[in-house]
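1. Could you work out the structure for the sequence below:
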Amino acid sequence: MHSSEPIITAPMLLALILVSACGGDESATAVDSPVASPGASALTAERLRNATYEEILKSAVTLTDGRFEGEPFVAGAASRPVVTLAPDIIAGGDLDGDETEEAIVVLAHNSGGSGVSMYLAIMRDDHGTPDNIATVSLGDRVRVSAIAIDDGRIIADLVEHAPNDPMCCPSRQVRREWLFRGGQLVHSGPESGSEDGRFRGQLVWGHESRSFTSCDDGREGWVINDSGDELVEVYDELTSAPYQPMFVEVRGEWIEAPDEGFGADFEESLRITELLRAENEGFGCRLDLEDVLFVASGNEPFWRLQVREDGVSMRLMDAPGEIEFPAPRLSGQTPHIVFEAERAGSGISISLERRRCVDTMSGARYAWVATVETAGRQFRGCAAEGIQTMLGRSTAASMR
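-> Numbering: from 1, shown residues only. Prediction:
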């Protein structure tokens, strides 16, 4: 590696996550390593422990000696949002070529349950004050083994959930890379374990053009369909003109492009192994699923809800305002999982079954059927996994 800072290992964070999620496994023991100084006056370890961080909770959080505690979700209850900085995982280097070093730190967010959402944050010296210029979610209970900045790239060695891992204990070692472009972190380089990856983007299907363009970073490639006939059948049903883009969420992997034929015009291909979601009428790439475990909706009457680690929110067309519930409990395992939450005088149960669901109004396809019970009423509709599960292999994905 060519950065001025070494990779910094993460013994304290590994111990924290393993103790909370796996019952104190002895494998958490590791050799101590020093906290690296990123080399900029405002980016000392002490100032980073007391800095303000964005995009973890709905509002910015300011740490005090490496920790933030929010108000209880329900008055008098013990569950509350807690954000902590991993003190032994700090790397420094120049991300954008301006000859000024940035710092990369790792933060953990817990809402009182067993889940621990992990984040990478970029910090810049803003006239003597650490400024959080970008944050990216790593997922639920992902273990961060090491981070570094190398030739303008952020490189992180992680331990993520393999498809059959229990939620407590991820086992798959992967390396992730990001570039800082246009004020955002975008994935770059090889991604181990991408055979289980989920991708959102625009699909175009036709004889001479079969392409996929990613919502997240504009990555484009030729499409190789190994998911069966449904992908083409749904495309034909939901589009009204040749080569019309259609939003899809798929499971697959990026591979080399064909050497001949129309696919040779692309630098790479996306091999699609499963269609998860497809829609021609809807928010598509504009749907904000950051920090969301599931979204669900239905018709007659129209309703919509979000399931997050820190709460559930539901909106009904025939009722004013939004109904809020505290952090839900999760039970069951795929193909049938249930989230339940209570607040004073009422509760909600969200039953999710992993099988094909078709929206009764738009014809959009989803991978989950949703049944919601609250206030003596039952609602049926479709559901989709959020970004958090996409990036971190959490919740439903880790149960497959």
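2. what's the distance between Arg315 and Pro130?
-> Arg315 is 37 Å from Pro130, where distance means C-beta to C-beta, to the nearest Å. Where C-beta positions appear, they are placed from N, C-alpha and C, glycine not excepted.
3. neighbour count winner among those two?
-> Set side by side, Arg315 and Pro130 show more neighbours around Pro130, with 24 against 15, by other C-beta atoms under 10 Å.
4. Can you list the low-confidence ranges for the stretch 301-400 of the chain?
-> Applying pLDDT under 70 to the stretch 301-400 of the chain flags residues 387-400.
5. now do the chain
-> Within the chain, the stretches with pLDDT under 70 are 1-41, 162-165, 188-196, 387-400.
6. Which stretches in it count as helices?
-> Applying DSSP state H to the chain gives helices spanning 11-22, 45-48, 230-238, 387-392, 396-399.
7. can you list the domain ranges for this protein.
-> Listed domain ranges for the chain are 8-192, 195-283, 288-399 (source: automatic domain parsing).
8. gap between the first one and the chain center?
-> Going back to what we said before, that points to domain 8-192. When C-alpha coordinates are averaged (C-alpha atoms, centre = their mean, to the nearest Å), domain 8-192 and its chain have centres 14 Å apart.
9. Start the count at 15 instead of 1 going forward.
-> All set: I'll call the first residue 15, so the last point we hit is now domain 22-206.
10. Setting aside sequence neighbours, what's the nearest residue to Thr385?
-> Closest residue in space to Thr385, ignoring its immediate chain neighbours: Ser365 at 4.4 Å, by C-beta to C-beta, 6 or more residues apart in numbering.
11. Hmm, that neighbour is touching His350, no?
-> Yes. Here Ser365 reaches His350: they are 7.2 Å apart, a contact under C-beta atoms under 8 Å.
12. of these two, who's got more company?
-> Set Ser365 next to His350 and count neighbours by other C-beta under 10 Å: Ser365 wins out with 19 against 13.
13. Glu113 versus that one, what's the distance?
-> 55 Å.
14. quick revisit: which residues sit in contact with the residue nearest to Thr385?
-> Under the criterion of C-beta atoms under 8 Å, 6 or more residues apart in numbering, the neighbours of Ser365 are 350-352, 384-387.
15. which of the residues you listed count as buried?
-> Buried members of those, counted by 16 or more other C-beta atoms under 10 Å: 351, 384-386.
16. I'd like the list of the residues you listed that fall within strands, please.
-> Those of the buried ones among the contacts of Ser365 mapping onto strands are 351, 384-386, per DSSP state E.
17. quick one: which of those residues is nearest Gly298?
-> Nearest to Gly298 out of those is Ala384 (C-beta to C-beta; 19.5 Å).
18. Hmm, the closest one is touching Ala398, no?
-> No. Taking contacts as C-beta under 8 Å, Ala384 lies outside contact range of Ala398: 9.5 Å.
19. about what we covered before: from the ones in strands among the buried ones among the contacts of Ser365, which is closest to Leu77?
-> Ile351 (33.1 Å).
20. Cross-check the contact I'm expecting between that closest one and Ser363.
-> No. Ile351 is beyond contact range of Ser363, at 11.5 Å (criterion: C-beta under 8 Å).
21. Relative to Pro342, how far out is Ala358?
-> To Pro342, Ala358 is 16 Å away according to C-beta to C-beta.
22. Between those two, which has more neighbouring residues?
-> Neighbour totals were compared for Ala358 and Pro342, and Pro342 leads with 23 against 7 (other C-beta under 10 Å).
23. quick one: that one from Phe87, how far?
-> To Phe87, Pro342 is 11 Å away according to C-beta to C-beta.
24. overlap in contacts of those two?
-> With C-beta under 8 Å, 6+ apart as the test, Pro342 and Phe87 both reach Gly325.
25. what touches both of Ala384 and Ala398?
-> 308, 310.
26. any idea how far Arg379 is from Ala255?
-> 19 Å.
27. same deal with Leu301?
-> Taken as C-beta to C-beta, the span from Leu301 to Arg379 is 15 Å.
28. one step back: which of Ala255 and Arg379 has more neighbours?
-> Neighbour totals were compared for Ala255 and Arg379, and Arg379 leads with 23 against 5 (other C-beta under 10 Å).
29. Which residue lies closest in space to the more buried one, excluding its sequence neighbours?
-> Once flanking residues are discounted, Arg379 sits nearest to Ala292: 4.5 Å by C-beta to C-beta, 6+ apart.
30. What residues are bridge-paired with that neighbour?
-> Val262, Arg379 (DSSP bridges).
31. What segments of the stretch 315-414 of the chain are strands?
-> Counting by DSSP state E, counting those that start in this stretch, the segments of the stretch 315-414 of the chain that form strands are 317-322, 325-330, 336-339, 343-347, 350-357, 360-367, 371-372, 379-380, 382-388, 391-399.
32. Next: the stretch 65-214 of the chain.
-> With DSSP E, counting those that start in this stretch as the criterion, the stretch 65-214 of the chain has strands spanning 66-67, 75-76, 81-83, 96-107, 116-124, 131-140, 143-154, 157-164, 167-174, 186-195, 198-201, 211-219.
33. Run through who's touching the second one.
-> If I follow you right, that is strand 75-76. By C-beta under 8 Å, 6+ apart, strand 75-76 touches 64-67, 82, 84, 97.
34. Perfect, that will be all.
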